[in-house]
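A.B. asks: based on what follows, work out the 3D shape:
(one chain, ligands or ions: 1)
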Amino acid sequence: MSLYSPAEVAAQYATDRHLRTRMETHRRYGVGPDIEPMVDERLALRGDEALLDVGTGPGDFPGRLRAEGHQGRLVGADLSAGMVERARGVHPGVEFGQASADALPFPDGAFEVVTARHMLYHVPDVPAALAEFVRVLRPDGRFLAVTNASGYMGELWEIVAEVVPAEPALASLLESRAGSAVFSERNGERLVRDTFGNARVDFLDSALVFPEPGPVLAYLESMTALQRLTEDDRRRVRAALRHALAPRFHAGEWRVSKRVAFISAVREERQPDTPSAPRTLPEPGTFYPGE
Ligand SMILES: C[S@@+](CC[C@H](N)C(=O)[O-])C[C@H]1O[C@@H](n2cnc3c(N)ncnc32)[C@H](O)[C@@H]1O
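C.D. replies: As a prediction, the model looks like this:
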């Protein structure tokens, strides 16, 4: 189960504001290999495949593929209407629509590739979502999940754990970390293997190097658990975190390690137990902007 209710996930991603804060943090302070070359290596796209990116957020991944010359159909689906609207504005060459991972509005075998990047830990019923991914894939179609591996940004969570006894309001932030373990490499490989009959896991190690505490605090404050707090609580928590962070910066920069897991699978020719029809089909005009 995802730690947050569907309403809280919806509120977090109503717009791309909080997600952009975190993406910008990774862009500005990230060191080491980027995930995109690894995604490209794992997918080994020819360039003409029909690809569905589930939980696409602002659609940057299919948008990048189109900008790089991908000729096949590119579709981005997301639960959040705000994300879909945003993605459509930024990446006109991609089809975007609102859909839930566990009830995809596509016929069987519509895609050769399905990707789910940093989203399965938000899905309440992961096996139901994986079954949908298998269903909409053609035989031999490929699936790739990108997710945080266990221990991801461990140094940051140590700080939060240090502050919790004085600021119990922060406990929910720690719980959110435990919640994100609902789809890490540990259980993710098994879940994918159970559904697809095969799975492969690869890792990529990198880090964030922060020059000062400000961006660390902004990153934490973008998360649902801190968004839930009253302004007073947030101010107090911010001060406590700043205090706990200060010693980490005595040597100048502070390094936080990142390990990302890539879980890939192939849809086998005979896939047992997959539903034969989509649960819902799009009403004309609801998914495809041009219809
Ligand atoms: C952390 S963001 C990742 C966005 C993008 N894939 C990326 O890697 O930058 C998670 C996205 O998953 C979406 N999401 C959450 N639950 C979903 C569900 N059940 N079905 C489809 N999308 C979902 C959210 O609205 C959000 O846009």
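A.B. asks: from the chain's centroid, how far away is stretch 200-213?
C.D. replies: For stretch 200-213, the separation from the chain centroid amounts to 15 Å (computed by C-alpha atoms, centre = their mean, to the nearest Å).
A.B. asks: tell me the contacts of the spatially closest residue to Val192 that is not a sequence neighbour?
C.D. replies: Once flanking residues are discounted, Val192 sits nearest to Ala199: 4.2 Å by C-beta to C-beta, 6 or more residues apart in numbering. All C-beta atoms are positioned from the backbone trio N, CA, C, and that covers glycine. Ala199 makes contact with 189-190, 192-193, 263-265 under the criterion C-beta atoms under 8 Å, 6 or more residues apart in numbering.
A.B. asks: for those, could you give me a markdown table that also reports distance to Pro58, pLDDT and neighbour count?
C.D. replies: Formatted as a markdown table, the contacts of Ala199 follow (distance: C-beta to C-beta, whole Å; pLDDT from 0 to 100; neighbours: other C-beta atoms under 10 Å):
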| residue | distance to Pro58 | pLDDT | neighbour count |
| --- | --- | --- | --- |
| Glu189 | 28 | 95 | 17 |
| Arg190 | 31 | 95 | 11 |
| Val192 | 25 | 97 | 27 |
| Arg193 | 31 | 97 | 15 |
| Ile263 | 23 | 98 | 25 |
| Ser264 | 23 | 98 | 20 |
| Ala265 | 26 | 98 | 24 |
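A.B. asks: may I ask which two of those residues are separated the most?
C.D. replies: Arg190 and Ser264 (14.4 Å; C-beta to C-beta).
A.B. asks: where does the stretch 101-250 of the chain come near the ligand, residue by residue?
C.D. replies: The stretch 101-250 of the chain comes close to the ligand at residues 101, 117-119, 122-123, as judged by C-beta under 6 Å from any ligand atom.
A.B. asks: show me where this structure has strands.
C.D. replies: 30-31, 51-54, 74-78, 95-98, 111-117, 137-148, 200-210, 254-266 (DSSP state E).
A.B. asks: so which bits of the longest helix anywhere in the chain are buried?
C.D. replies: What stands out as the longest helix in the chain, according to DSSP state H, is helix 231-245. For helix 231-245, burial by neighbour count (16 or more other C-beta atoms under 10 Å) applies to 236-238, 240-241, 244-245.
A.B. asks: centre-most residue in this structure?
C.D. replies: Nearest to the mean C-alpha position of the chain, counting by C-alpha atoms, centre = their mean, stands His118 at 1.7 Å.
A.B. asks: thought that one was touching Val146?
C.D. replies: Yes - using C-beta atoms under 8 Å, His118 is in contact with Val146, at 5.9 Å.
A.B. asks: quick revisit: make TSV out of the buried residues of helix 231-245 and add distance to Asp40 and pLDDT.
C.D. replies: Formatted as TSV, those follow (distance: C-beta to C-beta, whole Å; pLDDT from 0 to 100):
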residue	distance to Asp40	pLDDT
Arg236	44	92
Val237	39	92
Arg238	38	93
Ala240	42	94
Leu241	36	95
Ala244	39	95
Leu245	35	96
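A.B. asks: so what's Ile35 up against?
C.D. replies: With C-beta under 8 Å, 6+ apart, Ile35 has these contacts: 146, 204, 260.
A.B. asks: make it 10 Å
C.D. replies: 26, 61, 117-118, 146, 204, 206, 258, 260, 262 (C-beta atoms under 10 Å, 6 or more residues apart in numbering).
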